[in-house]
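> With the input below, show me the fold.
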Amino acid sequence: MPRLLIAAAALALAASPARAQDERAPIYVSSSPHSDVQQLPRDIADEVIRYFNAAGTVRFSGITRLPTATGIDGDVAVLGGPVTLAGRISGSLYVINSDVTFEPGAVVGGNVLVVGGTIEGQSNVSVGGQVRSYRDVLRYRRAADELVYAPQREGLIRWRHQRADESHVSFVLALGGTYNRVEGAPIVFGPRLMLRLSESLRFVGDARFITRTGESFSFDEGEYGYRLKGELALGSRVRNVGFGVRAYDEVSPIESWPLREYEAGWAAFLLRSDYRDWYRQRGYGVYVALRPSKQVALTVEGREEDVFSQASNSPWALFNSSETWRENPPVSDGTYRSLVVDLHVDTRDDKSYPSSGVFLNAEFESSDGRNITGTVDPNLVCVTTPCVPASLQDGQLTFQRAWLDARTYLRLTPAGRIGLRLAGGGKLGGDDLPLQRRVSLGFPDPLPGYNFRALSCGGEAFAGSPALCDRAIVAQVELRTHLGFDFGPDWASDWGDDDAAERWEPFHVSGPDIVAFADAGYAWSVGSGPNQLPANQLPSLGLWQPDIGIGLDLGPIGAYFAKSIGPANHPVTFTVRMGRRF
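Numbering: from 1, shown residues only. Take a look at the predicted model:
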């Protein structure tokens, strides 16, 4: 949303009347024959890339709208979308890999070219030049802030389209999660089924068996797991409503934001440093997913699951083999029935190396726990047994929590970009949060200038240094400038239909970027006691713990120095990150 407001302001500042046209140009629609490989003709791809990379082109990414009575002087290119035009553009408009909708009064002084999308509202727009539309997407990779043509091999394209349009069965054997001190390497294997029942109805089934290698391959209870899912999707592959059910027995992280999954896994595998804590979930869920576009998804799910504490095992690590693994803290064992609502919005121009767009993930959870055998208060001193906190005398636990992660990326100059992030959340109401829903802040992410879990609300006094805070909030800003050094094979960063997730590209160096950054955050418990804040109060700015830093980002690997500048005097820290910080 901040990105949209900024874009709208920029458009308003650039507003100027554009020459109205009395004639409407015809619309030409082209696409490769369905019997052949669907790939944009090379001459059109070259034209689009030259246009986008031109110094005088005004570029936008993600959801873009030009309101009535506003306008832009010059040529405009939009990467992603969707695009809605009700105002005026004095030059040409090129829309890449998205749909465009023209509203009454829209004016384009030059040409209109849409690739990888469709045109709606053709009768509403006055166009001074030619209008063309190609359904086939532009295949590209990023080179700093420019696009480079990166066609996919015909065999791969043909295989992808066949899999997308036809029923098929595949079998997966892969590493199924993050290497960690509880599971070791979780190996998954099993079939995946896609049935095309009609033009607008698909069934997707997925069955994955998980074997946990933390100690040894075993079929004992808890030494294996599974993920089963079946979904009926009504609509197209991009825009649909899904009705699904899933069952699972898997080991999950208590906090998912200290490093990305693959970063946390490599830290454990190489250095014997596991920065996350883990617990086991076994249950099922029924959900409805609304996906109005490729960029937006809203999911509502009801879950019933059993939660189990897990002890650390002794998986192998490449270095520091003489050291022992950090103890894995216990959680609040029991049975939980939950309603979870998740909103996901992602308009970034690139999932791994964004320079524009917005990322938003918001989650709300309301849970009722029963038969709770674990504790929610590690500070409890037992005099008699059984040892149960007052809030768990009846074995019941009811709570509500929310979480938000909002990011926006802006291009300041051809080589300079700025990234902004605000994230946090925690307890909203109800009883004490179970230990598997507590939070903390510190090294190595998202406050790298501080010690590991420097803000943990007393967790450092217990084995494993658990996260014990009810709420956390953090703000991050980074300014980066590209030094114009880029090499690597095109296939290392092909743009494709499966680009929804972040990826790590160790063979394509897209830096270096010089990165200057600052972070600030705070984590706290809710209450009226010492070092606590009331439920209706956020921490004052004086409580936030800031740090600053500088680093060199080569693309696949970045090295960063950070220093706390708050009241606590922490030494300078050094971290190596795989990909962007956020």
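
> Please state the offset of the helix or strand hosting residue 231 from the chain centre?
Assessed by DSSP states H and E, residue 231 sits inside strand 224-235. Counting by Cα atoms, centre = their mean, to the nearest Å, strand 224-235 is centred 21 Å from the centre of its parent chain.

> Now do that strand: which elements does it pack against?
strand 201-211, strand 240-253, strand 278-293 (3 or more Cβ pairs under 8 Å, 6 or more residues apart in numbering; DSSP states H and E). Any C-beta I mention is one placed from the backbone N, CA and C, and that applies to glycine too.

> buried set for the last one?
If I follow you right, that is strand 278-293. Within strand 278-293, the residues that count as buried by 16 or more other Cβ atoms under 10 Å are 278-283, 285, 287, 289, 291.

> what's the answer for the shortest one, then?
By 16+ other Cβ under 10 Å, the buried positions in strand 201-211 come out as 202, 206-208, 210-211.

> From these, pick the one nearest residue 576.
residue 210 (29.1 Å; Cβ to Cβ).

> Contacts only, for that closest one.
Residue 210 is in contact with 176-177, 186-188, 224-227, 249-250, counting by Cβ atoms under 8 Å, 6 or more residues apart in numbering.

> what would the buried residues of strand 278-293 look like in JSON lines with pLDDT and distance to residue 439?
JSON lines is the format used below for the buried residues of strand 278-293 (pLDDT from 0 to 100; distance: Cβ to Cβ, whole Å):
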{"residue": "278", "pLDDT": "96", "distance to residue 439": "15"}
{"residue": "279", "pLDDT": "96", "distance to residue 439": "14"}
{"residue": "280", "pLDDT": "95", "distance to residue 439": "20"}
{"residue": "281", "pLDDT": "96", "distance to residue 439": "18"}
{"residue": "282", "pLDDT": "97", "distance to residue 439": "23"}
{"residue": "283", "pLDDT": "98", "distance to residue 439": "22"}
{"residue": "285", "pLDDT": "98", "distance to residue 439": "23"}
{"residue": "287", "pLDDT": "98", "distance to residue 439": "25"}
{"residue": "289", "pLDDT": "98", "distance to residue 439": "26"}
{"residue": "291", "pLDDT": "96", "distance to residue 439": "29"}
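
> So which of the residues you listed is the closest to residue 470?
Lowest distance from residue 470 to these (Cβ to Cβ) belongs to residue 279, with 17.8 Å.

> Can you name the residues that contact the closest one?
Here residue 279 is in contact with 251-252, 254, 307-310, 331, 436 (Cβ under 8 Å, 6+ apart).

> ok, those vs residue 53, which is closest?
Nearest to residue 53 out of the contacts of residue 279 is residue 252 (Cβ to Cβ; 43.1 Å).

> and the closest one, what are its bridge partners?
Beta bridges link residue 252 to residue 279 when assigned by DSSP bridges.

> One more: residue 229?
Taking DSSP bridges as the rule, residue 229 bridges to residue 206, residue 246.

> Tally up the residues packed near it, please.
Burial of residue 229, expressed as a neighbour count using other Cβ atoms under 10 Å, amounts to 17.

> per-residue confidence at it?
Residue 229 is assigned 97 on the pLDDT scale.

> Would you agree it is in contact with residue 245?
Yes. Contact criterion Cβ atoms under 8 Å: residue 229 and residue 245 qualify, at 7.4 Å.

> returning to what we had before: just the buried members of the contacts of residue 210?
Buried by 16+ other Cβ under 10 Å: 176-177, 186-188, 224-225, 227, 249-250, out of the contacts of residue 210.

> Dump those into a markdown table; add distance to residue 520 as well.
Shown next, in a markdown table, are these (distance: Cβ to Cβ, whole Å):
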| residue | distance to residue 520 |
| --- | --- |
| 176 | 36 |
| 177 | 31 |
| 186 | 35 |
| 187 | 40 |
| 188 | 39 |
| 224 | 43 |
| 225 | 38 |
| 227 | 37 |
| 249 | 39 |
| 250 | 34 |
